[in-house]
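J.: pasting the sequence and the predicted coordinates here, then a few questions.
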Amino acid sequence: MRAMTDRPLKVLIAKPGLDGHDRGAKVLARGLRDEGFEVVYSGLRQTPEMIVTAALQEDVDIVGLSILSGAHMTLLPRICSLLRERGMDDVLVAAGGIIPDDDVPALKAAGIAAVFGPGTTIAQVADFLRANARARD
Amino acid sequence: MPGRGTSATGVADSRGPRRDEGTAGRRADALCDAALAGDRHALARLLTAVENRTPLAEAALRRLYPRAGHAQLIGVTGPPGAGKSTLVAALIAELRRAGRPVAVVAVDPSSPITGGAVLGDRVRMQAYTADPDVFIRSMASRGHAGGLSSATSEAAAVFDAVGFDVVLIETVGTGQSEVEVAAAADTTVVVEAPEMGDEIQAIKAGLLEVADIVVVNKGDRPGAHRTAGQLHAMLADTPREARPGRPSPKHPEVLVTTAASGAGVAELLAAIDRHRSAARGTDGEASRLRRAEAQVWAVLVDRLHARVRSLEGAEGAAAGNPAAGPTAAGPTAASAAAAGSPAAGPAAAREWLRSVASHELDPYAAADAILDQLIGGGPAPEPNT
């Protein structure tokens, strides 16, 4: 019915690994809702396989990974490669949480488009996602 | 609101729906072939197209609709926080124990202000992400007002066509009058929580009227059995007469479940199956006709809007449509009205509805036939030229 030009971007906010700190993920989910995104929230303690399956079933434009456990160098590249394996290389992947600057180049090389640390505003995240999510149909 | 901006696809989809029908048709065929062969990614892409009402979706649904009509469609509705998602998760567990492939369409509300949404139903259903015979899809209501999104029924038809035995349709958290799920499902389960109201709530019009089964969830909480008793007294003691569009005059069963532990869920599934068996035959036919009517009506309204837009000038009309605007709300009111007045069109329309109900004809072909009869307008496939 509605013109497709109006279609909201759909984003999966996921919490990979053994990490129970989801305040940030929930604040972001709510903030992106207010920015006009359709936000699927995965819940806590997701394996890379669970996150990739959810992204596939929901056919999201964007996957946002929130991680504060320190296991980002293991889990995030694994999620990126699983997405590619399952034909979702057109999905934009971004990360947030506690990730040292030194790790960012390696994560970007693995396929993470951006890493948002503490102090990032919701508007900055939303603008980046809108500018970088690939047009799919 | 984030959107596709001026991407070529967006422009073609919104302003020239038929121009690239050939391309859309070929791509729809490829996606349908893959989805029917079990490719879940292709299935997910089809659902997106259906949700966005693209030309590809129409081509795909025309192809898939004749294959649908076999799945058991179970609606789960009720107020926010009653435990719908947790109960859906418990039903998935029970259905998987029986070896039945399950799809879920879970609808959550879109913001009327920004068009955004938080789709949180998956959180309760995490245990099944690794099971290839479970497919969960969240959808935002996108301004549709009946408790579902405008594409929910069509998404269920896609799941049905690709071989899911059961489709669970979870509505947004409803108030008292969002009853659209009753037309979309074979069996409507209304989930209540303990102490949500007395007998007066139970005799009010609306949600409880469309219940085939009433569940008082959170059965481990104090008052659950008393609430169930009150609901049972009022619903079971209220005579219901058979009328068009109702599967049967029987009173809804009232059950108590504790979805979080699984208590009472096997009994609920048994009750759902009993209702389905009882609703076969003429009552089932009435229910299928009602669903067909809602589907055809939705497409009719779409078609009329498209014609009106093409008369007004596509540019201005498309740009002026807010996410939750009148065009999105239109089909809701129209399908609700249609459900109550089956003889709205010419007598021949009834024949088309029957053909759609039996899956000999798809809703698009029926809608075009009806439109052409009502207002003329040349060959059906080219209404915009």
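T.: Received, thanks.

J.: what about the longest helix in the chain?
T.: In the absence of a named chain, this looks at chain A. When chain A is parsed with DSSP state H, its longest helix is helix A:72-85.

J.: hmm, no, I was thinking of chain B.
T.: Max-length helix for chain B by DSSP H is helix B:282-312.

J.: report all helices and strands that that one contacts.
T.: Judged by 3 or more C-beta pairs under 8 Å, 6 or more residues apart in numbering or on different chains; DSSP states H and E, helix B:282-312 is in contact with helix B:152-161, helix B:181-184, helix B:314-319, helix B:326-340, helix B:347-357, helix B:363-375. Placement of C-beta: from N, CA and C, glycine included.

J.: which residues are in contact with the nearest residue to residue B:369 once chain neighbours are set aside?
T.: Leaving out its chain neighbours, the residue that sits closest to residue B:369 by C-beta to C-beta, 6 or more residues apart in numbering or on different chains is residue B:352, at 5.7 Å. Counting by C-beta atoms under 8 Å, 6 or more residues apart in numbering or on different chains, residue B:352 makes contact with B:296, B:361, B:366, B:369, B:370.

J.: what does residue A:46 give?
T.: Residue A:46 neighbours (C-beta under 8 Å, 6+ apart): A:14, A:15, A:16, A:17, A:54, B:126.

J.: could you do residue B:359 as well?
T.: B:65, B:66, B:67, B:68, B:69 are the contacts of residue B:359 under C-beta under 8 Å, 6+ apart.

J.: do that again at 10 Å, thanks
T.: Neighbouring residues of residue B:359 by C-beta atoms under 10 Å, 6 or more residues apart in numbering or on different chains: B:65, B:66, B:67, B:68, B:69, B:70, B:157, B:160, B:161, B:288, B:292.

J.: give me the distance between the fifth one and chain A.
T.: In this structure, residue B:69 lies at 23 Å from chain A, with C-beta to the nearest C-beta, to the nearest Å as the measure.

J.: once you drop chain neighbours, what's closest to that residue?
T.: Distance criterion C-beta to C-beta, 6+ apart; nearest residue to residue B:69, sequence neighbours excluded, is residue B:359 at 4.3 Å.

J.: mean confidence score for the helix or strand in which residue B:189 is found?
T.: Element membership for residue B:189 (DSSP states H and E) is strand B:187-192. Summarised as a single mean, pLDDT over strand B:187-192 is 93.

J.: hang on, the earlier thing: tell me the secondary structure at the residue nearest to residue B:69.
T.: coil (DSSP: H, G, I helix; E, B strand; the rest coil).

J.: so where do the helices sit in chain A?
T.: According to DSSP H, the helices that chain A contains are A:23-34, A:48-58, A:72-85, A:104-110, A:122-132.

J.: pick the most deeply packed of those.
T.: helix A:48-58 (a mean of 23; mean count of other C-beta atoms under 10 Å in any protein chain shown).

J.: and that one, how far from the chain's centre?
T.: Mean-position distance between helix A:48-58 and its chain equals 11 Å (C-alpha atoms, centre = their mean, to the nearest Å).

J.: using the record's assignment, carve chain B into domains.
T.: B:1-67, B:68-280, B:284-385 (automatic domain parsing).

J.: turn the ones you listed into a markdown table, columns for distance to residue A:68.
T.: Listed next are these as a markdown table, based on distance: least, C-beta to C-beta, whole Å:
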| stretch | distance to residue A:68 |
| --- | --- |
| domain B:1-67 | 26 |
| domain B:68-280 | 19 |
| domain B:284-385 | 33 |
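
J.: now the weakest link among the ones you listed, please, by mean pLDDT.
T.: Among the domains of chain B, domain B:284-385 carries the lowest mean pLDDT (a mean of 63).

J.: next, the contact list for the closest residue to residue B:355 other than its chain neighbours, please.
T.: Distance criterion C-beta to C-beta, 6+ apart; nearest residue to residue B:355, sequence neighbours excluded, is residue B:361 at 3.8 Å. Residue B:361 is in contact with B:62, B:65, B:66, B:292, B:296, B:351, B:352, B:353, B:354, B:355, B:369, counting by C-beta under 10 Å, 6+ apart.

J.: so the fifth one is in contact with residue B:362, correct?
T.: Just to be clear, that refers to residue B:296. Yes: with contact defined as C-beta atoms under 10 Å, residue B:296 reaches residue B:362; the gap is 9.4 Å.

J.: neighbour count: those two, which is higher?
T.: More crowded of residue B:296 and residue B:362, by other C-beta atoms under 10 Å in any protein chain shown: residue B:296, with 27 against 23.

J.: what about the closest residue to chain A within the stretch 151-300 of chain B, how many neighbours?
T.: Taking C-beta to the nearest C-beta, chain A has its nearest neighbour within the stretch 151-300 of chain B at residue B:298, 8.3 Å off. Residue B:298: 25 surrounding residues under other C-beta under 10 Å.

J.: now do stretch A:65-75, average pLDDT.
T.: 93.

J.: report the inter-axis angle for the helix or strand of chain A with the lowest mean pLDDT versus helix A:122-132.
T.: Ranking every helix and strand in chain A by mean pLDDT, DSSP states H and E puts helix A:23-34 at the bottom, with a mean of 94. Helix A:23-34 and helix A:122-132 are oriented at 60 degrees to each other (axes from the mean of the first three to the mean of the last three C-alpha atoms, to 10 degrees).

J.: in three-state terms, label the closest residue to residue B:49 other than its chain neighbours for me.
T.: Nearest in space to residue B:49, with sequence neighbours left out and distances taken as C-beta to C-beta, 6+ apart, is residue B:57 at 4.0 Å. What three-state DSSP gives for residue B:57 is helix.
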